[in-house]
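*Asks:* The following comprises the amino acid sequence and a computationally predicted model.
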Amino acid sequence: MTPTKIEDSKKSPHLLIIDDEKEVGEFAGIVAQSLGFEFTATTNAGDFLGALNDDVTLIMMDLMMPDMDGIELLRLLGQQKCKTTLILMSGYDKRVLETAEELAQTLGLSVAGHLQKPFRLPELQNLLKSYALLNVVAPVARKASKAVTKEELQRAMVREELVLHYQPQLDIATGRVMGVEALVRWQHPERGLVFPDDFIPQAEVLGVIDELGWYVARLALSEIRQFVNSEGEQLKLSLNVSPQSLHDLQLPDTFIALARQYGVAPENVVLEITESGLIKELASALDILTRLRMKRVHLSIDDFGTGYAMMQQLRHVPATELKIDKSFVHDMHQLNSARVVVRKTIEIGHELGMKIVAEGVETREQLEFLRLNGCDIAQGYYFSRPISTEALLEWIKNYVPRNF
């Protein structure tokens, strides 16, 4: 069957649909058209592949097809390195849809979400609106990481080009600001503000990550005392620690001496270690982490659920805090598996006596789900992006604690 195509003269996002039920495809297309899309509806893999070109910005794909099923089609798109965003749909149970979405991402494909058939009009509209919004108002993607040298990084520290931005952390039960996470940025004289993904991995490879880590620690400890919430309480400081630094057995003593130098109580600091980073050299890591806890420094397992030894690390590491990775928080509204992971993480963490922090909270619905499931602390764009020291002081001054 030949594709049904409807378009107008102006350049609009283009939706390509494949569903062997012609009525479903045309219904989805009409809904998309009402939201400003052009659309092409196809009912078989041959017509779909023939219609797939550079003008297509979004694909809606049914998994249950007679000639080539959706999984085979995903595999083919992966092999072709397709960059077009996908929406998956199927009458199969939700778990199959979620697994197919995971497969698509593993194949390097971008997935905006999924729809379980028969889907409702608002579900389709919300997915299409979310896609359109992200592709209209999202900031321009940063340029690819540019290689830096060891000398450039060391010179940046000497010239104090590395600065800190802070993201507030709020108590979900009371709405009070409880702490801030310090996040390093490079205020490059030529490239502007450079984000950590563009230089931290290179610092690790070049062997200057310890030097950079201590630079950040000194700067954060020198600034944290000015951050006080409306109750007059000193905010806790969360610092990220590179896994490579867990080989230095002198780290606990050096850190405590530095905290004392700046008048910061050890119990007011949380050191965050990524879950996967704890695996390497476990003996030295446990030595360092146990001594830090004995000196009353709090420990957090960051990005929990994204590493490869979740339960093993919880058994051994004397952590006081568990951070739910933002990918699970982001997916809670559409993936039941993500909701289950979040709920179980909160339960397990509490049973082990830990506070639970959720990263990446962006909506009221996410916050409400976390609150109902007993999560302790939240941080994310719903409250504030990471902001400069001056901006944070102003934010704290204007923030009114509220009961969530």
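*Replies:* On my side now, so go ahead.

*Asks:* Which residue ranges make up each domain of this protein?
*Replies:* Here the domain parsing of the chain from automatic domain parsing is 4-137, 150-398.

*Asks:* ok, of these, where does mean pLDDT dip lowest?
*Replies:* Ranked by mean pLDDT, these end with domain 4-137 at the bottom, a mean of 82.

*Asks:* How far off centre is it?
*Replies:* Domain 4-137 sits 24 Å away from the centroid of its parent chain (CA atoms, centre = their mean, to the nearest Å).

*Asks:* got it, and stretch 284-304?
*Replies:* Relative to the centre of its chain, stretch 284-304 is centred 23 Å away, using CA atoms, centre = their mean.

*Asks:* follow-up on the earlier one: want to try CSV for the domains of the chain, with mean neighbour count as columns?
*Replies:* Bear in mind the C-beta positions are built from the backbone N, C-alpha and C, glycine included. Output for the domains of the chain, formatted as CSV (neighbours: other CB atoms under 10 Å):
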stretch, mean neighbour count
domain 4-137, 17
domain 150-398, 18
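
*Asks:* Could you pull out the strands in the stretch 151-300 of the chain for me?
*Replies:* 162-171, 177-188, 192-194, 236-241, 269-274, 298-304 (DSSP state E, counting those that start in this stretch).

*Asks:* so what strands line up beside the longest one?
*Replies:* Sheet pairing of strand 177-188 (DSSP bridges) gives strand 162-171 (antiparallel), strand 192-194 (antiparallel), strand 236-241 (parallel).

*Asks:* Just want the most central residue of this structure.
*Replies:* Note on the chain: the residue nearest the mean C-alpha position is Lys326, at 3.8 Å, using CA atoms, centre = their mean.

*Asks:* Can you tell me the element the closest residue to it other than its chain neighbours falls in?
*Replies:* Counting by CB to CB, 6 or more residues apart in numbering, Lys326 lies nearest to Gly360, which is 2.5 Å off, once chain neighbours are set aside. Secondary structure from DSSP states H and E places Gly360 outside every helix and strand.

*Asks:* Relative to Leu370, how far out is Gly360?
*Replies:* According to CB to CB, to the nearest Å, Gly360 and Leu370 sit 11 Å apart.

*Asks:* next one: Arg364
*Replies:* 11 Å.

*Asks:* Check Ile71 too.
*Replies:* Ile71 is 33 Å from Leu370, by CB to CB.

*Asks:* Show me the helices in the stretch 151-300 of the chain, by range?
*Replies:* Under the criterion DSSP state H, counting those that start in this stretch, the stretch 151-300 of the chain contains helices at 200-206, 209-223, 251-261, 282-294.

*Asks:* can I get the ones you listed in JSON lines with distance to Ile387?
*Replies:* Formatted as JSON lines, the helices of the stretch 151-300 of the chain follow (distance: least, CB to CB, whole Å):
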{"stretch": "helix 200-206", "distance to Ile387": "19"}
{"stretch": "helix 209-223", "distance to Ile387": "13"}
{"stretch": "helix 251-261", "distance to Ile387": "24"}
{"stretch": "helix 282-294", "distance to Ile387": "28"}
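
*Asks:* and Gly29, which of those is closest to it?
*Replies:* Across the helices of the stretch 151-300 of the chain, Gly29 has its closest neighbour in helix 200-206 (43.0 Å, CB to CB).
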